[in-house]
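Chemist: Make a model of this:
(chains A, B, C and D)
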Amino acid sequence: MTRYNRHIVLSEIGQIGQDKLSNAKVLVIGAGGLGCPISQYLAAAGIGMLGIIDFDIVEISNLQRQVLFGNSSLGQNKAIAAKKRLKDLNSDITIMAYPYKLTHKNAVELFNQYDIIVDGSDNFETRYLVNDASIITNKPLVFGAIYKFEGQVAVFNYQNGPSYRCLFPNPPEKDTIPNCSEIGVLGMLPGIIGCMQANEVLKIILGIGKVLSEKILYYNALTLQTSTLKISKNEAAFATILKEKINVSKKVITTNCQHEIKEVSIHDILLKENIQIIDVRELYEQPKINNLNITQIPLSELEKNLNKIDLKKDVFLFCQSGVRSKKALSILKTLNINNCFNIKEGVSTINNILNNRSSLKKEQLKP
Amino acid sequence: MTRYNRHIVLSEIGQIGQDKLSNAKVLVIGAGGLGCPISQYLAAAGIGMLGIIDFDIVEISNLQRQVLFGNSSLGQNKAIAAKKRLKDLNSDITIMAYPYKLTHKNAVELFNQYDIIVDGSDNFETRYLVNDASIITNKPLVFGAIYKFEGQVAVFNYQNGPSYRCLFPNPPEKDTIPNCSEIGVLGMLPGIIGCMQANEVLKIILGIGKVLSEKILYYNALTLQTSTLKISKNEAAFATILKEKINVSKKVITTNCQHEIKEVSIHDILLKENIQIIDVRELYEQPKINNLNITQIPLSELEKNLNKIDLKKDVFLFCQSGVRSKKALSILKTLNINNCFNIKEGVSTINNILNNRSSLKKEQLKP
Amino acid sequence: MHIKIKYFGQIAEITQLEEETLEFSKSLISELLEVLYSKYNSLKNIDFKIAQNQELVSIETELTGNEIALLPPFSGG
Amino acid sequence: MHIKIKYFGQIAEITQLEEETLEFSKSLISELLEVLYSKYNSLKNIDFKIAQNQELVSIETELTGNEIALLPPFSGG
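Modeler: Below you'll find the predicted structure:
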């Protein structure tokens, strides 16, 4: 009795099929709600080389559905924590953990090392990047995405079939499509969708069944309704991507996340050391704040000035009233810059508090 | 940010719903292909008391899909190994591991301690036992079963709805319905079906969505076809079960498993010590074997004489030609008695070999 | 009339089809079953249930639907 | 004619329905969309695609099908 006996005894798979799995190289984007079941079942099935890329760390709120982790992995990088667990599940395969962010700079080189890409990411920016890089490297892409109680599954770029951009040519521009990692989700949903994605990967490698290409499946966990919708290929979208290469997805997506903007009062940070405070107003705006060390990054220039944000410090943003700084925080979140907080007061209140404080200090300093 | 934040922010669940999950008690039958994803996602979701019953031990061939285990759990009892892993996934819930077989003697008492029963077992005997005990204890039963690339999901005994016996009144009697734990299965299939089962458990507890009651869902992982079929309640079946109580399921199911009958030659066991050899022929059949210590258990009386089988020894079965001993082995397998092997030779060949051997011994013994 | 017949599990293995459409003029499901038994001999060896238009029915039921499904039990886990 | 309209994700949250059937006499999908926009104001704030009889189409397409679906993208993982 061997590890893969239950596959080998199936006439549709057999030893030949199992050997195909052993020779396959599959890259999983994200080790979150979808990435956990995907990589778990792909590792168990004996995919010879399994790559997992995720820059994020395991947090307590992940454990409601990210079943590869546990108390013992809190604070660890997800790709590394996943590899640790999967090595015990299957010691016979090669598991590559990439503990950093997928970007337009590293995507093509990474994808080139694999046969199939599986998208388990959680934001539009990465999804469009993954799609475009799959087209450029000519790899089939097994797509999955979830929203609360519903999920989508599709296989893109398969045997010259359509891509995600043939369905949704551009990232949503309107504010109401949430693009945010803190939206609620029924715990089992990514389990179902992730297993369906892993299932499509096996069908592609083994050449069995009907691959979910030229279609997208919508699944509703509350009603158990499944809708499968046909997609046609948009050759123009492919041509544009191949012409512009990966740059198309460098555009920052600024859809709002209404949840979990971390907000503090200026009172809470006055005593803190080793912090950065950023003014996101335009450079000409008044009044200025003089008593604090301030970095100026206007909201309109934010994406060009990411290098000015100190990733090693807690960073606090303010503006005239607190609205633009919130917006800036949303953008930073979509870029996975998560060390930033919003100061809820506007600049005039901040100045008042600072002035009172300095007069207080002077009084205290009196002999 | 708390552990269950992603549930709590959903208006359909909220803190009230999460509290319902914390107060719920769910028993999972089997920690195999289905039981692993079921208990994994139920534990993650914060089911307050999660019971897992499985007498079996983790084998290497389980790791192709039983994602709670790994090299480190080989040889351990599955319920205990599952608990070990799940305690790390969620330390805030109570996990009960029952490392023994579910029987007609312990089922009712065990079920009475839980609110919902989830069937992840792998044989008809247990499935009918689970169904009948759910009826007797009046617990909703979330059913799931798989065959190669296809799966079934249903919720039985829910709000006075139908049971498994309303669909299939009696265990299959014909030989071609496999009832055997070694049949092949696509690794992701139990992942999909098990997550669907866990999803139904949450819908029942939370009172959201449409519970899959009065229906059975067939899912095909190769075609992605889903068929949902209506089932009517058969009041007579319920009445019979409630009258006969749990005895109805004591009947042994003798469907054949064509796979993995462990077979040896008489040559291989002659030198072994601490073994039991069983003659499954009827008592009147000839010739007898005189040179070996033989237990007689005719095939026709096998189920009544299980106590004569020594579970601590390797047990070897033979008959006139090797056919009935194979059949006996199938039956023992469905009863999860797995320490038995078939002797491939019939009785006359065995006698010849034994006689040659004793003459050999005598020669060797000559001074 | 045209009847679409769906096969699941071991039954699909016998028929080597997931579904087919038959032309049939009799009026009972049991009569349709006789046709299937003669077409697929090994079907007789299998326990299964029958659904008509997505609803489980007995074989004595009148054939009114345009979709029949043959449902075997599964035991695996 | 009767048109069944299916809603998914955030769109179903706006319409508070997973599907509904509308009586409609115009001939373009864009015209149907105008009706839906006036019925569900917030629909204008959402990016979505349209499928007619389970096939994705542009809004300039003629309305020939009896089932229309409104499909938003999901980003979650």
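Chemist: partner residues bridging the most centrally placed residue in chain C?
Modeler: With distances taken as CA atoms, centre = their mean, the residue of chain C nearest its centroid is residue C:70 (3.9 Å). Beta-bridge pairing for residue C:70 (DSSP bridges): residue C:7, residue C:50.
Chemist: Look up how far residue A:16 lies from it.
Modeler: Between residue C:70 and residue A:16 the computed distance is 31 Å (CB to CB, to the nearest Å). Quick note: C-beta positions are derived from backbone N, CA and C, even for glycine.
Chemist: Give me the pLDDT value at the residue nearest to the centre of chain C.
Modeler: As predicted, residue C:70 sits at a pLDDT of 97.
Chemist: just residue A:96 next, same as before
Modeler: Note on residue A:96: pLDDT of 98.
Chemist: How many residues are close by it?
Modeler: Using other CB atoms under 10 Å in any protein chain shown, the number of residues around residue A:96 comes to 16.
Chemist: Kindly report the same for residue A:201.
Modeler: Look at residue A:201: counted by other CB under 10 Å, it has 27 neighbours.
Chemist: For it, give me its contacts.
Modeler: By CB atoms under 8 Å, 6 or more residues apart in numbering or on different chains, the residues touching residue A:201 are A:26, A:38, A:42, A:47, A:116, A:118, A:142.
Chemist: Out of those residues, which sit inside helices?
Modeler: Among the contacts of residue A:201, the subset assigned to helices under DSSP state H consists of A:38, A:42.
Chemist: ranking the contacts of residue A:201 by neighbours, who comes first?
Modeler: Among these, residue A:38 has the most neighbours (other CB under 10 Å), with 35 neighbours.
Chemist: Is it correct that that one is in contact with residue A:121?
Modeler: No - Residue A:38 is not in contact with residue A:121 according to CB atoms under 8 Å; the separation is 11.3 Å.
Chemist: What is the lengthiest helix in chain C packed up against?
Modeler: For chain C, the helix with the greatest residue count under DSSP H is helix C:29-39. Secondary-structure packing of helix C:29-39 (3 or more CB pairs under 8 Å, 6 or more residues apart in numbering or on different chains; DSSP states H and E): strand C:49-52, strand C:67-71.
Chemist: can you give me the offset of the shortest one from its chain's centre?
Modeler: For strand C:49-52, the distance from its own C-alpha centre to the chain's C-alpha centre is 7 Å (CA atoms, centre = their mean, to the nearest Å).
Chemist: any idea of the mean pLDDT in the helix or strand just after it?
Modeler: Downstream of strand C:49-52, the next assigned helix or strand under DSSP states H and E is strand C:55-57. The average pLDDT within strand C:55-57 is 95.
Chemist: got the contact list for strand C:55-57?
Modeler: Strand C:55-57 is touched from outside by B:167, B:229-232, C:29, C:49-51, C:71, with contacts defined as CB under 8 Å, 6+ apart.
Chemist: buried subset of those?
Modeler: Buried members of the contacts of strand C:55-57, scored by 16 or more other CB atoms under 10 Å in any protein chain shown, are B:167, B:229, B:231, C:29, C:49-51, C:71.
Chemist: now, among these, which is nearest to chain D?
Modeler: Distance to chain D across the buried ones among the contacts of strand C:55-57 (CB to the nearest CB) is lowest for residue B:229, with 21.2 Å.
Chemist: what sits against the residue nearest to that closest one when sequence neighbours are not counted?
Modeler: Nearest residue to residue B:229, sequence neighbours excluded (CB to CB, 6 or more residues apart in numbering or on different chains): residue C:51, at 4.5 Å. Residues near residue C:51 by CB under 8 Å, 6+ apart: B:229-230, C:57, C:68-69, C:71.
Chemist: 10 Å instead, please
Modeler: By CB atoms under 10 Å, 6 or more residues apart in numbering or on different chains, the contact set of residue C:51 is B:216, B:218, B:227-231, C:6, C:8, C:57, C:65, C:67-71.
Chemist: cool, residue C:31 as well?
Modeler: C:24-25, C:59, C:63.
Chemist: just how off-centre is the host helix or strand of residue A:240 within its chain?
Modeler: In the assignment (DSSP H and E), residue A:240 maps to helix A:235-244. Offset of helix A:235-244 from its chain centre (CA atoms, centre = their mean): 24 Å.
Chemist: quick revisit: ok, now how distant is the residue nearest to the centre of chain C from residue C:12?
Modeler: Note on residue C:70: its distance to residue C:12, by CB to CB, is 9 Å.
Chemist: what residues are shared contacts of the two?
Modeler: residue C:6.
Chemist: Kindly confirm my reading that residue A:133 is in a helix.
Modeler: Yes - assessed with DSSP: H, G, I helix; E, B strand; the rest coil, residue A:133 lies in a helix.
Chemist: Can you list phi and psi of the closest residue to it other than its chain neighbours for me?
Modeler: Nearest residue to residue A:133, sequence neighbours excluded (CB to CB, 6+ apart): residue A:107, at 3.8 Å. Phi and psi for residue A:107, reported as degrees, to the nearest 10, are phi -60, psi -50.
Chemist: Residue A:107 against residue A:29, yeah?
Modeler: Yes - contact criterion CB atoms under 10 Å: residue A:107 and residue A:29 qualify, at 9.2 Å.
Chemist: For stretch A:322-337, buried residues please.
Modeler: Buried, per 16+ other CB under 10 Å, within stretch A:322-337: A:322, A:324-335.
Chemist: Report the rounded mean pLDDT for stretch A:270-277.
Modeler: Averaged across stretch A:270-277, pLDDT comes to 87.
Chemist: Could you list the low-confidence segments of the stretch 51-200 of chain A?
Modeler: Applying pLDDT under 70 to the stretch 51-200 of chain A flags residues A:174-182.
Chemist: Look at the closest residue to chain C within it and say how many residues are nearby.
Modeler: Nearest to chain C, among the residues of the stretch 51-200 of chain A, is residue A:195, at 15.5 Å (CB to the nearest CB). Around residue A:195 there are 29 other residues, counting by other CB under 10 Å.
Chemist: before we move on, what about residue A:80?
Modeler: Other residues lying near residue A:80 total 17 when counted by other CB under 10 Å.
Chemist: Give me the angle between the helix or strand in which it is found and helix B:78-89.
Modeler: Following DSSP H and E, one finds residue A:80 within helix A:78-89. Calculated by axes from the mean of the first three to the mean of the last three CA atoms, to 10 degrees, helix A:78-89 forms an angle of 170 degrees with helix B:78-89.
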